[in-house]
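Colleague: Give me coordinates for this.
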Amino acid sequence: MKIEQIYTGCLAQGAYYVESNGEAVIIDPLREVDQYVRKAETNGANIKYIFETHFHADFVSGHIDLAGKTGATIVYGPNAEPAFPALIAKDKQVFRVGDVSFEVLHTPGHTMESSCYLLKDKSGKPVALFSGDTLFIGDVGRPDLAQKAAHLTQEDLAGLLYESTRKLMSLPDDVIVYPAHGAGSACGKNMSKETYDTLGHQKEINYALRQNMTQAEFIKEVTTGLMPPPGYFAMNVAMNKLGYESIDVVLERGQQELSPEDFETAANETQALVLDTRSPEDFVKGFIPNAINVGIDGNFAPWVGALITDIKQPLLIVADEGREEEVVTRLARVGYDNAIGFLKGGFTAWQLAGKEIDYIDAISDEELASIAKVKPVNILDVRKNSEYLSEHLVDAESLPLDYINDTMQAIDKGKPYYVHCASGYRSVIFISIMKARGYENLVNVVGGFKALKAGGRFPVTDYVCPTTLL
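Modeller: Numbering: from 1, shown residues only. Sure thing, here's the model as predicted:
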């Protein structure tokens, strides 16, 4: 028996390859499925099942393409109603794979179809639990995402989740828990950076698995502190449930090479958004006017999903040469399938063609402090609210990047603002979006809050976040 966790850090997502005696299953596959096909072929195995723990919200699963390429059966738990061929399993239904078996454990609460898959060895001993978004390391799934579909409140769903977690707690302590996500995912609020653990250890440290916890206590703690989900979540659920265009078609379309002239024409004729995926350090030195910067080496896909509200928006890509396929793939992972081409030769080609270029002004903490000695300065902190509450510059205003589409009206176009995040990634995203919408008086603070605090030139609050139930 072979168990392999295939973890994708930018999405904090875990897919799984399990193989026994020439047969394999894939659990919660990513959109690009050739990696699983190659792995099975290399091992001389046949992919028999694709187990889905639920209809995912934070990424587009590869279940449909993988089934089409391998003939494997897609399996969901009870209550699932996909618009494509799939086997809807019953609670406690068993699937044989080589010398091992998987038992379906229906665990509603995160969503109504949420299910875990309990792996047992050939002797019938429970070995591993693939827990999806029901049970994380250090947390449980959030119960607010499926309210509309289930016609239930988040408190109702949390109550179901309580029963589901108690069902899992009856399993042996030495069972290894393999969740669908880790720290950084928006599908929970207190996830560990660890990507697997024993169930017994989770019973000791996971706040939601306390032995004497009442259902009322569970509901209160699980529903406290939930932030609004990213806007693309509902659209990803729909794609996972209803179907989507083949990843092969999406990749081919997105990798169309465009000369600077063709790129410019496409931008004008299609109303496409120009997405520049270079590092923020390179972007500020020069970029195509109205381009939005989301650096590929940061939390790229989640930020695209949070900030580009129309998942069908045509996109034109500016990327470092050789990384175009990576960009299109990572966009497709969260359902942004409408990339229509990339700038051949990258931004250098645009410069050599003599095309118009825009810039972002930047300032060091030392330079900003010199200005602040002479006159008041408007400082915008675009980190998350929790980061701001933890510590911030005394006179800084909080305007989190997450909610820029709802709060940008708070910025006065006639005033200069000095913008910072933690280190510079998010502040450049923020300013690029604002410049594309006509806000020209925003200056990036190089090095972000880290540099401002280290420089010691601005007073920092020593505010401590209120103690939470966690």
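Colleague: quick one: low-confidence ranges for the protein?
Modeller: 463-470 (pLDDT under 70).
Colleague: distance of L30 from R330?
Modeller: The gap separating L30 from R330 is 10 Å, by Cβ to Cβ, to the nearest Å. In short, each C-beta sits where N, CA and C put it, glycine included.
Colleague: ok, now which ones touch the residue lying farthest from the centre of the chain?
Modeller: Distance from the C-alpha centroid of the chain peaks at V374, with 42.8 Å (Cα atoms, centre = their mean). Shown in contact with V374 (Cβ atoms under 8 Å, 6 or more residues apart in numbering): no residues.
Colleague: just checking, what packs against the longest helix belonging to the chain?
Modeller: In terms of residue count, the longest helix belonging to the chain (DSSP state H) is helix 154-169. Contacts defined by 3 or more Cβ pairs under 8 Å, 6 or more residues apart in numbering; DSSP states H and E place helix 154-169 against strand 100-106, helix 147-150, helix 199-205, helix 215-223.
Colleague: I'd say A422 and E387 touch.
Modeller: Yes. The pair A422 / E387 is scored as a contact, 6.8 Å apart, by Cβ atoms under 8 Å.
Colleague: quick one, helices of the stretch 151-300 of the chain?
Modeller: Remark: helices assigned in the stretch 151-300 of the chain by DSSP state H, counting those that start in this stretch are 154-169, 199-205, 215-223, 233-242, 247-254, 260-270, 280-283, 300-307.
Colleague: What is the fifth one packed up against?
Modeller: By that I understand helix 247-254. Applying 3+ Cβ pairs under 8 Å, 6+ apart, one finds that helix 247-254 contacts helix 324-333, strand 339-343.
Colleague: likewise the third one?
Modeller: Other elements packing on helix 215-223 under the criterion 3+ Cβ pairs under 8 Å, 6+ apart are helix 154-169.
Colleague: can you give me the offset of the helix it packs on from its chain's centre?
Modeller: Mean C-alpha position of helix 154-169 versus that of the full chain (Cα atoms, centre = their mean, to the nearest Å) differs by 24 Å.
Colleague: Specify the angle between that helix and helix 215-223 in degrees.
Modeller: 110 degrees (axes from the mean of the first three to the mean of the last three Cα atoms, to 10 degrees).
Colleague: which residues touch helix 154-169?
Modeller: Here helix 154-169 makes contact (Cβ under 8 Å, 6+ apart) with 105-110, 112, 114, 116, 129, 131, 134-135, 140-141, 143-144, 146-147, 150, 199, 203, 208-209, 215, 218-219, 222-223, 226.
Colleague: now it against strand 100-106, angle please.
Modeller: Using the same axes, to 10 degrees: helix 154-169 against strand 100-106 is 150 degrees.
Colleague: Quick check: buried residues in helix 154-169?
Modeller: Residues Q154, L157, A158, G159, L160, L161, Y162, S164, T165, L168, M169 are the ones in helix 154-169 that count as buried (16 or more other Cβ atoms under 10 Å).
Colleague: Restricting to C-alpha, output that helix in CSV.
Modeller: Written as CSV, here are the backbone C-alpha positions of helix 154-169 (Å, rounded to 0.1, in the frame of the first residue of the first chain):
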residue,chain,number,x,y,z
GLN,A,154,-24.7,28.5,9.9
GLU,A,155,-25.7,27.5,13.5
ASP,A,156,-27.7,24.6,12.0
LEU,A,157,-24.8,23.4,10.0
ALA,A,158,-22.4,23.8,12.9
GLY,A,159,-24.8,21.5,14.9
LEU,A,160,-24.5,18.9,12.2
LEU,A,161,-20.7,19.4,12.1
TYR,A,162,-20.6,18.7,15.9
GLU,A,163,-22.3,15.3,15.3
SER,A,164,-20.0,14.6,12.5
THR,A,165,-16.8,15.3,14.5
ARG,A,166,-18.1,13.1,17.3
LYS,A,167,-18.6,10.3,14.8
LEU,A,168,-14.9,10.7,13.8
MET,A,169,-13.7,10.8,17.4
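Colleague: ok, back up a step: now the helices and strands packed on helix 247-254 as JSON lines including distance to V428 and mean neighbour count?
Modeller: Formatted as JSON lines, the helices and strands packed on helix 247-254 follow (distance: least, Cβ to Cβ, whole Å; neighbours: other Cβ atoms under 10 Å):
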{"stretch": "helix 324-333", "distance to V428": "17", "mean neighbour count": "22"}
{"stretch": "strand 339-343", "distance to V428": "19", "mean neighbour count": "23"}
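Colleague: Which one, of these, ends up nearest to E257?
Modeller: strand 339-343 (6.8 Å; Cβ to Cβ).
Colleague: Report the angle between the closest one and helix 324-333.
Modeller: Using the same axes, to 10 degrees: strand 339-343 against helix 324-333 is 160 degrees.
Colleague: what packs against strand 339-343?
Modeller: helix 247-254, strand 257-258, helix 260-270, strand 315-318, helix 324-333.
Colleague: Make sure M434 is actually in contact with N441.
Modeller: No. The pair M434 / N441 is not scored as a contact, 9.2 Å apart, by Cβ under 8 Å.
Colleague: Counting neighbours, go ahead and name the busier of those two.
Modeller: Taking neighbours as other Cβ atoms under 10 Å, M434 and N441 compare with M434 leading, 20 against 16.
Colleague: these two touch, right, I3 and L129?
Modeller: No. Assessed by Cβ under 8 Å, I3 is found out of contact with L129, at 11.5 Å.
Colleague: Who has more neighbours out of those two?
Modeller: Using other Cβ under 10 Å as the criterion, I3 and L129 rank with L129 on top: 25 against 18.
Colleague: Which secondary structure elements does the helix or strand where the more buried one lies sit against?
Modeller: Assigned by DSSP states H and E, L129 belongs to strand 126-132. In terms of contacts (3+ Cβ pairs under 8 Å, 6+ apart), strand 126-132 is packed against strand 115-120, strand 176-179.
Colleague: now for those strands, which one comes closest to P230?
Modeller: Among these, the nearest to P230 by Cβ to Cβ is strand 176-179 (19.1 Å).
Colleague: Now the common contact residues for I3 and L129.
Modeller: Jointly contacting I3 and L129 under the rule Cβ under 8 Å, 6+ apart are L119, Y178.
Colleague: quick one: the strands in the stretch 351-470 of the chain?
Modeller: Ranges of strands within the stretch 351-470 of the chain are 362-363, 379-381, 397-398, 417-420, 442-445, based on DSSP state E, counting those that start in this stretch.
Colleague: In JSON lines, list the ones you listed along with mean neighbour count.
Modeller: JSON lines is the format used below for the strands of the stretch 351-470 of the chain (neighbours: other Cβ atoms under 10 Å):
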{"stretch": "strand 362-363", "mean neighbour count": "18"}
{"stretch": "strand 379-381", "mean neighbour count": "22"}
{"stretch": "strand 397-398", "mean neighbour count": "15"}
{"stretch": "strand 417-420", "mean neighbour count": "25"}
{"stretch": "strand 442-445", "mean neighbour count": "23"}
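Colleague: Just send these back as TSV, with distance to D462 too.
Modeller: As requested, those are exported to TSV (distance: least, Cβ to Cβ, whole Å):
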stretch	distance to D462
strand 362-363	25
strand 379-381	16
strand 397-398	17
strand 417-420	19
strand 442-445	21
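Colleague: Look up how far L105 lies from L171.
Modeller: Taking Cβ to Cβ, one finds L171 at 9 Å from L105.
Colleague: Correction: the previous question concerned T165.
Modeller: Look at T165 and L105: by Cβ to Cβ, they are 11 Å apart.
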